[in-house]
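Peer 1: need the 3D shape of this:
(one chain, ligands or ions: 1)
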Amino acid sequence: MRIGVLTGGGDCPGLNAVIRAVVRKGVATYGHEFVGFRDGWKGPLEGLSRPLDIADVRGILPRGGTILGSSRTNPFKIENGVERIKDNLAEQGVDALIAIGGEDTLGVATKLYELGVHVVGVPKTIDNDLGATDYTFGFDTAVNIAMEAIDRLHTTAESHHRTLVVEVMGRHAGWIALHAGLAGGANVILLPERQFDVDQVAGYVEKRFQHQYAPIVVVAEGAQPLDGQMVLANQELDSFGHVRLGGIGQWLAEQLEAKTGKEARTVVLGHIQRGGTPTAFDRVLATRLGLQAIDAVNDGDWGKMVAMQSTDIVRVPLAEATRELKTVPLERYAEAEVFFGS
Ligand code: F6P
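Peer 2: Next comes the predicted model:
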């Protein structure tokens with residue numbers, strides 16, 4: 001078979017590890033050929049491709065980003081998008097596609113499969129919000145980056161008797177905030193899954209100062225105050241209809257400073273959480289997902305996404321994985337609340 005590979009949506013560490021595993025096993029074990037499509041769905045849409053052989057994937061296991069490039073192109077928002085993809089696949093002699101992406105990229109893969117394209121999906125996202133898989137690769141790396149930042153912020157917050165608010169990514173899911181906040185010993189963690197009362201947060205902060213420790217508040221970019229409007233960097237929508245989040249950390253620091261009388265500053269970790277080398281956990285997960293994805297393609301098991309369930313890598317229907325976002329259950333949040341303000 002001649003197999004196309006693409007990476008779509010926001011990048012994350014581990015994408016290259018998947019590409020490497022797919023190509024290494026696909027060529028060596030099954031004798032397949034590969035073509036790399038550039039920049040997510042833009043590649044097959046516009047016929048933008050590059051060679052992808054074993055030599056092209058040597059040395060890329062620890063490299064962050066993606067050698068194929070990425071974009072948030074949505075072919076269903078482009079006139080004749082699906083027909084153009086089908087024509088370009090036929091023209092390049094591509095029999096099947098491996099799409100590595102999050103909810104948007106795999107949402108497109110789900111619909112293309114229903115329209116007859118041979119596709120297998122691989123879940124990636126730092127947000128960890130895809131259904132049917134316990135973890136997505138990229139998440140562990142993002143959490144470790146955020147945890148290290150929180151560790152560093154503790155020491156400077158103590159020196160200056162300040163509140164430090166750390167805004168982390170995650171879109172509408174609070175997984176990064178929850179895990180980084182728990183691992184970093186945050187004083188309060190605020191998630192999109194539950195609106196917060198800013199007076200209660202100020203109370204936690206004051207209590208922490210009473211214990212002679214400076215508070216670290218971790219806030220997910222999608223968290224919202226009670227009865228409030230989400231604070232947005234701007235109102236622009238991308239081609240999948242998402243707004244760009246960000247700004248809640250600054251708003252919260254201003255509120256906390258006014259309510260507690262103690263200086264409060266904000267650190268927005270932003271794309272640092274998506275950059276650099278993957279952790280060992282993410283390299284292993286990405287590699288195992290890549291190996292299972294090429295097995296699924298070899299079996300002609302179209303319309304599936306490979307997923308981590310417990311410690312196994314299994315195949316699930318793409319439609320099941322993309323049906324709804326996996327958000328933080330409130331019982332998980334309750335575990336973290338034990339530490340708030342203390
Ligand atoms: O989905 C991954 C993610 O990093 C989100 O956590 C974040 O809201 C979004 O992508 C940012 O996207 P962009 O890099 O396009 O601004």
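Peer 1: which residues touch the residue of the stretch 1-150 of the chain with the smallest separation from the ligand?
Peer 2: Using Cβ to the nearest ligand atom, residue 10 is the residue of the stretch 1-150 of the chain that sits closest to the ligand, at 3.6 Å. The C-beta positions use only the backbone N, C-alpha and C, and glycine is treated the same way. With contact set as Cβ atoms under 8 Å, 6 or more residues apart in numbering, residue 10 has these partners: 70, 72, 102, 125, 126, 274.
Peer 1: sec struct for it, please.
Peer 2: Here residue 10 is coil, with the state taken from DSSP: H, G, I helix; E, B strand; the rest coil.
Peer 1: tell me the confidence at it?
Peer 2: If you check residue 10, the pLDDT there is 96.
Peer 1: if we can go back for a sec, out of the contacts of residue 10, who's the most crowded?
Peer 2: Among the contacts of residue 10, residue 126 has the most neighbours (other Cβ atoms under 10 Å), with 31 neighbours.
Peer 1: got phi/psi on it?
Peer 2: phi -70, psi -20 (degrees, to the nearest 10).
Peer 1: now the closest residue to it other than its chain neighbours: which helix or strand?
Peer 2: Of all residues not flanking residue 126 in the chain, residue 142 sits nearest, at 3.9 Å (Cβ to Cβ, 6 or more residues apart in numbering). Under the criterion DSSP states H and E, the helix or strand holding residue 142 is helix 139-160.
Peer 1: packing partners for that helix?
Peer 2: Other helices and strands packing on helix 139-160, by 3 or more Cβ pairs under 8 Å, 6 or more residues apart in numbering; DSSP states H and E, are strand 163-168, helix 175-184, strand 216-220, helix 280-298.
Peer 1: now, of those, which is deepest in the fold?
Peer 2: Highest mean neighbour count of the helices and strands packed on helix 139-160: strand 216-220, a mean of 29 (counted as mean count of other Cβ atoms under 10 Å).
Peer 1: does any part of it sit near the ligand?
Peer 2: No: between strand 216-220 and the ligand, judged by Cβ under 6 Å from any ligand atom, nothing touches; the nearest distance is 9.0 Å.
Peer 1: direction included, what does that strand pair against?
Peer 2: strand 163-168 (parallel), strand 188-190 (parallel) (DSSP bridges).
Peer 1: and for residue 55, the neighbour number?
Peer 2: 9.
Peer 1: so where does it fall, helix or strand?
Peer 2: Here residue 55 is assigned to helix 54-57, by DSSP H and E.
Peer 1: can you give me the buried ones in the very next helix or strand once past that helix?
Peer 2: Using DSSP H and E, the helix or strand that directly follows helix 54-57 along the chain is helix 81-91. By 16 or more other Cβ atoms under 10 Å, the buried positions in helix 81-91 come out as 81, 82, 84, 85, 86, 88, 89.
Peer 1: now do the contacts for the residue lying closest to residue 73 once chain neighbours are set aside.
Peer 2: Counting by Cβ to Cβ, 6+ apart, residue 73 lies nearest to residue 42, which is 4.1 Å off, once chain neighbours are set aside. Neighbour list for residue 42: 48, 71, 73 [criterion: Cβ under 8 Å, 6+ apart].
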